[in-house]
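Engineer: Next comes the sequence, and after it the predicted model I'd like to discuss.
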Amino acid sequence: MGLLDYIASFFSSEEKKPKIVRPTETYSYSAPTYNRSTNTFTAKPPPSTANAYPGAYSRPTPAVVPARRQTLEETFARLSVDDTPRRFHSIDDDDTDSGIVPVYTLSVTDQRVVVFEPAREKFIESSRTHLGLRNIEKDGVYHCSGIAQDRLGSLSTPSALTRKQYLERGSFTFGSAATYRDIILPALLLGSRVRDFEQRCATVDQIGTVVLIIPVQNRRLKTLKLKTTEGNTFEIDVKFVKKGKEEDLDKKWTVICHPPKAPLPLEVVKNAHLEMMDTNPPQPRVTAALMRTYANKKAPIFNWELLSAIYGTSARRVFPAPPYVNPQIRLAKLAGTVGLNPEQAEAVARYNCNAVPAFVVESPPGSGKTMTAAAMAVSYTGSGVQLFLSTANVPVINMALALSKLDYSGLKPLHFISSEKEELMTDETRSPFSILSLAKEREGLNEKIHVLEEQLKHAPNFEEKDKLKAAIQRVCGPVYNDDYNVFFATVDMILGRLFKGKPDGKPDSIKKKIMNDVRRIVVDEASQLTESALNALILCFPQAQIVLIGDSKQLPPFRYVAGDVVSELAARSALEVVKDKMNLPVIKLTRVYRASPRLAAHYSDAFYGGGLQSCKAEVSKNVLDCFGARSKGCRLLFWKVKGWQKQSGTSKVNDSELVSLKYLVNMLRLNGYDEKSVMIISYYEAQRKRAEEQLEEKYGEGYEVLTVDSAQGREKKIVIVLTTRTSVPTDKGAFFSCPLRCNVAVSRHQEALIVLGHQSIASAPNWARVLSPKYFRPVEDQKK
């Protein structure tokens, strides 16, 4: 073995210990005030722990003795059952390759290479002969010596250790803001660029009769001009467009095309990404937020306190609980008070404490996380603005509705939501804090809005409708002038407020408040927040304490695939990223209120080690009694379906299962349980579409028919799960057998759950535990 091989063995061997890391010094940190209008920071002297104020964070020191020593049982109770000791490689400034740019190879042919680099929205095309590297693979990460005016320098293959730094950041400790700039930020941007490209592309869903999945467009489609990643362009005429629904995670359109006038390029195959040449989509906001820091190399990173807790040395601290106070949360209209359980009370207490820059609230299904978030809002005693965010609209609306049920006097909430999305809301689900809702509370504005809305109902065409919608927005204008201190929004929407100026050029008081005064950020369904989005929030709001509320045993960000290069670059779950180094508190909610003990036992035992405690009383009435002897008083049914699955593109369908679904829905309707009480969850998109179409044909619109991914965060009195498969994979990590997906699917019900499936799924990984006769009654599918 040569000397270089011997040295390299210390990095490649799993048995070798990482470099010794010096203990981090104890220090206090006060977030500086950032004035965006002058692009300057005003630094503040470090305050003492005794005089902490909103925006000041102090690391606990060994010299500080808690008021009450924790018992050994309490110490272990604060650690996750998965918190096994880990070893981390330490990365210092000298370990990074300054000046080297990481690139991602989107496409590789014999003559041409297409790459993304962190700083550019568009990909770069280059001849292979100029790159100086013989073996270049598609979907790889390489180093580039430099990039000038869309021209690549030479490429090189990063070492195995360097590649791990980009893709397995949780295994390393990054000791300074410089290593964050050189490794973490470029990796996040690189992955975000590729994801952004995929999202704005048309994806080939079917060949023959060409079917494309495209992003939502603000124009009528007649012809699409498309470009393959290999550089070939072509046009195709549009025959029909089917628009996606709001609950669809991608919210994309399905485009059926006319037969092409010329042969398509050979690379136009199923699942191929085609760049849409005649559109100019805006830069995604998460990427824009990361780019602001990446582009300004000289600007200091003032929130390194939080970033170092996430990416720095793992201290495995056990955090003493803050002084225990169980606040009495008053209901609206003097209707009484809401008591918090001890874990919820601890979360609210930490929210009002400046000891740490962030913490996690692990919240299993039905554990009262939405009420916990609302309690945080009304109990907050600090100064500044509070943000309540999520990656999707439904969790944000739920938080707004929860706050509206409490006495929120002293708060001035505003919900950012587009008028298009608000049109889809019912009276029960409409946010009370949207601009339109707030405007209707004002007598003078309400009358004008009512007149315009009546005209809108009878508008003769789309052009007239657009004019009336714009008129309603103008009438609502004065509502923006109020002094708000609580904002509800999706992550994309709130970042958009930072980057978007007012068209009339007038000062935007809301934008100024968001830029300078945010002190608290709560993110619901945080398991679906990407690492990139988390970093965007940290960089954009350096004075804010961040609270991540979510469940690490539910689904990660949409389209995250473990081991996939792009997923690992940018799309890991923020919840897992924050917990990696165990430097921040994790509060675990274990009391659940959605389902009674019998109805929660299967997912508590299968996925939470039996650790969930249901606080909901068993109800005497069984909503499934309409099925007579087949239910025998049980409210968890495994309805065995005969028949066979069929492939539909990359998805699956099962006609026999759809017949059974319609029978179940009809029986429930006859007994008073209609679309307001029933939700259908499908494992496969093709089956979901068919189920939705057939139910709409028979009963009209109204039933929620969702994929498992889009059902996360929702609940209903009765849930029917369509599993569709008749051949079951044995791989525990497969799509169907994924424990996270299975957990979401079987935990949405309040009073009853029916799982439709072939007998074989009862032996599938994870499903075997869930569908045990201990919990579920098997029912043979004899409908008549």
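Structural biologist: It's in.

Engineer: tell me which element the spatially closest residue to Arg430 that is not a sequence neighbour falls in.
Structural biologist: Distances taken as C-beta to C-beta, 6 or more residues apart in numbering place Ser437 nearest to Arg430, at 6.4 Å, with adjacent residues excluded. For the C-beta atoms, the positions are set from N, CA and C on the backbone; glycine is no exception. For Ser437, the element it lies in under DSSP states H and E is helix 435-440.

Engineer: So which bits of the very next helix or strand once past that helix are buried?
Structural biologist: Toward the C-terminus, helix 435-440 is succeeded by helix 443-457 as the next helix or strand (DSSP H and E). Residues of helix 443-457 classed as buried by neighbour count (16 or more other C-beta atoms under 10 Å): 445, 448-449, 452, 456.

Engineer: Helix 443-457 - what's its average pLDDT?
Structural biologist: Taken as a whole, helix 443-457 carries a mean pLDDT of 82.

Engineer: Does anything pack onto it? Which helices or strands?
Structural biologist: Packing contacts for helix 443-457, counted by 3 or more C-beta pairs under 8 Å, 6 or more residues apart in numbering; DSSP states H and E, involve helix 435-440, helix 462-475.

Engineer: where among these is the average confidence lowest?
Structural biologist: The weakest mean pLDDT among the helices and strands packed on helix 443-457 belongs to helix 462-475, with a mean of 83.

Engineer: Mind exporting the C-alpha coordinates of the next helix-or-strand element following that one to CSV?
Structural biologist: The first helix or strand that comes after helix 462-475 along the chain, using DSSP H and E, is strand 486-490. Presented in CSV, the C-alpha positions along strand 486-490 are these (Å, rounded to 0.1, in the frame of the first residue of the first chain):
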residue,chain,number,x,y,z
VAL,A,486,-49.2,37.5,12.7
PHE,A,487,-49.0,36.2,9.2
PHE,A,488,-50.2,32.9,7.8
ALA,A,489,-48.8,31.7,4.5
THR,A,490,-47.1,28.9,2.6
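
Engineer: Could I get the buried residue list for strand 486-490?
Structural biologist: Of the residues in strand 486-490, 486-490 count as buried by neighbour count, 16+ other C-beta under 10 Å.

Engineer: thinking again about what came up before, looking at the buried residues of helix 443-457, which one is closest to Val396?
Structural biologist: The shortest approach to Val396 among those belongs to Ile449, at 22.7 Å (C-beta to C-beta).

Engineer: gap between His458 and Lys469?
Structural biologist: Using C-beta to C-beta, to the nearest Å, His458 is found at 14 Å from Lys469.

Engineer: out of these two, which sits in the busier spot?
Structural biologist: Taking other C-beta atoms under 10 Å, His458 and Lys469 do not tie; Lys469 has more neighbours (17 against 8).

Engineer: which residues sit in contact with the more buried one?
Structural biologist: Lys469 makes contacts with 419, 456, as judged by C-beta atoms under 8 Å, 6 or more residues apart in numbering.

Engineer: count of residues packed around the residue nearest to Glu168 when sequence neighbours are not counted?
Structural biologist: Once flanking residues are discounted, Glu168 sits nearest to Glu568: 7.1 Å by C-beta to C-beta, 6+ apart. By other C-beta under 10 Å, 21 other residues sit near Glu568.

Engineer: Low-confidence stretches in the chain?
Structural biologist: Across the chain, the stretches falling below the confidence threshold (pLDDT under 70) are 1-99, 244-251, 282, 501-507, 649, 730-733, 783-784.

Engineer: what number of residues lie near the nearest residue to Thr157 once chain neighbours are set aside?
Structural biologist: Closest residue in space to Thr157, ignoring its immediate chain neighbours: Tyr142 at 6.2 Å, by C-beta to C-beta, 6+ apart. For Tyr142, the neighbour count with other C-beta under 10 Å is 23.

Engineer: three-state assignment of Tyr142?
Structural biologist: Recorded secondary structure, Tyr142: strand (DSSP: H, G, I helix; E, B strand; the rest coil).

Engineer: That one against Leu133, yeah?
Structural biologist: Yes: contact criterion C-beta atoms under 8 Å: Tyr142 and Leu133 qualify, at 7.3 Å.

Engineer: who touches both of those two?
Structural biologist: Joint contacts of Tyr142 and Leu133 (C-beta under 8 Å, 6+ apart) are 155-157.

Engineer: Take these and, keeping just the buried ones, write it as a PyMOL select command.
Structural biologist: Entered in PyMOL, the line below selects the buried ones among the shared contacts of Tyr142 and Leu133, by 16+ other C-beta under 10 Å:
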select buried, resi 155
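
Engineer: Now flag whichever of the shared contacts of Tyr142 and Leu133 is closest to Val719.
Structural biologist: Looking across the shared contacts of Tyr142 and Leu133 and measuring by C-beta to C-beta, the closest to Val719 is Thr157, at 49.5 Å.

Engineer: With distance to Leu389 and secondary structure added, can I get the shared contacts of Tyr142 and Leu133 in CSV?
Structural biologist: Below are the shared contacts of Tyr142 and Leu133 laid out as CSV (distance: C-beta to C-beta, whole Å; DSSP: H, G, I helix; E, B strand; the rest coil):
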residue, distance to Leu389, secondary structure
Leu155, 39, strand
Ser156, 40, strand
Thr157, 39, coil
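
Engineer: Just give the nearest non-adjacent residue to Glu780, would you?
Structural biologist: Nearest residue to Glu780, sequence neighbours excluded (C-beta to C-beta, 6+ apart): Lys640, at 5.7 Å.

Engineer: residues in contact with the one you found?
Structural biologist: 757-759, 778-781.

Engineer: Hmm, Ala289 is touching Ile538, no?
Structural biologist: No: between Ala289 and Ile538 no contact is recorded; they are 9.5 Å apart, counting by C-beta under 8 Å.

Engineer: anything in contact with each of these two?
Structural biologist: By C-beta under 8 Å, 6+ apart, no residue touches both Ala289 and Ile538.

Engineer: Can you pull the phi/psi pair for the residue nearest the centre of the chain?
Structural biologist: Nearest to the geometric centre of the chain sits Gln528, at 2.6 Å (C-alpha atoms, centre = their mean). Torsion angles at Gln528 (phi, psi; degrees, to the nearest 10) stand at phi -100, psi 0.

Engineer: so it touches Ser710, yeah?
Structural biologist: No: in this structure, Gln528 is not within contact of Ser710 by C-beta under 8 Å, at 10.6 Å.

Engineer: hang on, the earlier thing: list the beta-bridge partners for the residue nearest to Thr157.
Structural biologist: Val103 (DSSP bridges).

Engineer: wait, what's in contact with it?
Structural biologist: With C-beta under 8 Å, 6+ apart, Tyr142 has these contacts: 102-103, 105, 115, 133, 136, 155-158.

Engineer: and which of the residues you listed is nearest Gln344?
Structural biologist: Among these, Pro102 lies closest to Gln344 (C-beta to C-beta), at 42.8 Å.

Engineer: now that closest one: how far from Gly312?
Structural biologist: 21 Å.

Engineer: what does Ile435 give?
Structural biologist: Distance, Ile435 to Gly312, by C-beta to C-beta: 41 Å.

Engineer: of these two, who's got more company?
Structural biologist: The neighbour count for Ile435 versus Gly312, taken as other C-beta under 10 Å, is higher for Gly312 (24 against 20).

Engineer: wait, that one sits on Thr179?
Structural biologist: No: Gly312 is beyond contact range of Thr179, at 9.5 Å (criterion: C-beta under 8 Å).

Engineer: so what sits against both of the two?
Structural biologist: Here Gly312 and Thr179 have no joint contacts, going by C-beta under 8 Å, 6+ apart.

Engineer: just the helices in the stretch 651-784 of the chain please.
Structural biologist: Per DSSP state H, counting those that start in this stretch, the stretch 651-784 of the chain carries helices over the ranges 655-670, 685-699, 708-711, 739-745, 767-770.

Engineer: Using the three-state scheme, assign Phe240.
Structural biologist: Following three-state DSSP, Phe240 is assigned to strand.

Engineer: measure it to Arg219 for me?
Structural biologist: Computed as C-beta to C-beta, the Phe240 to Arg219 distance reads 16 Å.
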